[in-house]
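Trainee: Curious how this folds, go ahead:
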Amino acid sequence: MISGKLGNAFLVGLTLFIVAAVVPVPVRAEGGHVNVTGDADVRVVPDEVVITLGVETSDKDMSIAKSQNDERIKKVLAITEAHGIDPKYVQTEYINIEPRYRYENDHEEFLGYFVRKTVVITLKDISKFESLLSSVLEAGVNFVHGIEFRTTELRKYRDQARALAIKAAREKADALASELGQKAGKALSINESHGGWWSSYGSSWGSRWGSNVAQNVVQNVGEAPPTDEGTLAPGQITVNASVNVDFELN
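Mentor: Modelled structure (predicted):
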């Protein structure tokens with residue numbers, strides 16, 4: 001038998017334990033949801049092209065190699081001026097001077113000094129592209145590192161692509177839910193998984209930036225303007241958006 005103050009404390013503690021034990025613990029039920037990805041392409045006629053050109057010269061006399069390179073670069077700059085290109089759209093981006101050697105049978109042979117310069121030209125009038133490229137190649141450019149067709153309204157078309165991707169995600173969620181006799185409700189979360197653009201003409205050595213996923217929506221914006229010279233066909237570049245949306249399932 002427990003008596004006195006000790007007994008009273010034991011009974012109070014036991015009472016508190018019993019009361020605490022019988023308080024129900026709330027349980028939150030998780031509702032169903034459907035997670036989908038919406039992709040969209042907006043194809044746009046480009047309105048500018050960025051051309052990356054390289055000039056390489058070599059000689060065992062460094063001053064000769066450099067002067068030869070400078071002369072070719074001067075010709076390239078004169079050609080851009082003749083084509084009406086604003087100097088702010090012509091930039092020398094890379095300069096390198098490198099002595100090279102060949103090693104064979106423990107013998108070192110000096111090949112000369114190799115001078116490299118890269119010029120990046122942003123051409124706003126695409127109709128001049130073919131004439132410009134032919135002229136700079138004739139002037140001594142020996143590398144074409146990149147040809148990148150672009151749009152100056154990328155933000156506008158990216159917003160369009162994003163809106164189309166959201167719409168595609170909603171339509172996909174509705175279709176999936178209806179197959180189960182349910183409906184897709186409000187969006188619980190939205191994430192932009194991927195967005196960007198790529199040119200079908202590619203960049204350095206024919207590679208291109210883009211996406212390998214299949215698209216839900218493709219929208220064409222405008223038609224390529226006709227060109228009067230050469231064989232240039234500007235075509236379209238692609239602006240892409242991809243979103244991942246979690247919808248409540250009712």
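
Trainee: And the helices in the protein, which stretches?
Mentor: Under the criterion DSSP state H, the chain contains helices at 4-22, 62-82, 129-138, 154-179.

Trainee: quick one: pLDDT of residue 147?
Mentor: Per-residue pLDDT puts residue 147 at 89.

Trainee: do the same with the one 3 residues further on
Mentor: According to the predicted model, the pLDDT of residue 150 comes to 89.

Trainee: Dig out what it forms beta bridges with.
Mentor: Assessed by DSSP bridges, residue 150 has beta-bridge partners residue 48.

Trainee: thinking it is in contact with residue 236, fair?
Mentor: No: here residue 150 lies out of contact with residue 236, judged by C-beta atoms under 8 Å, at a distance of 11.8 Å. All C-beta spots, glycine's among them, are computed from the backbone N, C-alpha and C.

Trainee: shared neighbours, these two?
Mentor: residue 46 (C-beta atoms under 8 Å, 6 or more residues apart in numbering).

Trainee: So between the two, which is more surrounded?
Mentor: Shown here are residue 150 and residue 236; by other C-beta atoms under 10 Å, residue 236 has more neighbours (20 against 16).

Trainee: So that one is in contact with residue 45, correct?
Mentor: Yes: taking C-beta under 8 Å as the definition, residue 236 is a contact partner of residue 45 at 5.7 Å.

Trainee: The helices of the chain: which one's closest to residue 53?
Mentor: helix 129-138 (5.9 Å; C-beta to C-beta).

Trainee: and the closest residue to residue 76 other than its chain neighbours, what does it touch?
Mentor: Setting aside the residues directly before and after it, residue 76 is nearest to residue 136 in space (C-beta to C-beta, 6 or more residues apart in numbering), at 5.2 Å. For residue 136, the contacting residues are 53, 75-76, 79, by C-beta under 8 Å, 6+ apart.

Trainee: What of residue 182?
Mentor: 32, 249-250.

Trainee: can you pick the most crowded of those?
Mentor: The residue in these with the most neighbours, by other C-beta under 10 Å, is residue 249 (18 neighbours).

Trainee: Domain ranges for the protein, per the record?
Mentor: Here the domain parsing of the chain from automatic domain parsing is 33-45+152-249, 48-150.

Trainee: since we're on residue 101, how many residues are nearby?
Mentor: With neighbours defined by other C-beta under 10 Å, the count for residue 101 comes to 9.

Trainee: Bridged to it, which residues?
Mentor: Beta-bridge partners of residue 101, as defined by DSSP bridges: residue 110.

Trainee: wait, doesn't it sit right on residue 113?
Mentor: No: Residue 101 is not in contact with residue 113 according to C-beta under 8 Å; the separation is 11.1 Å.
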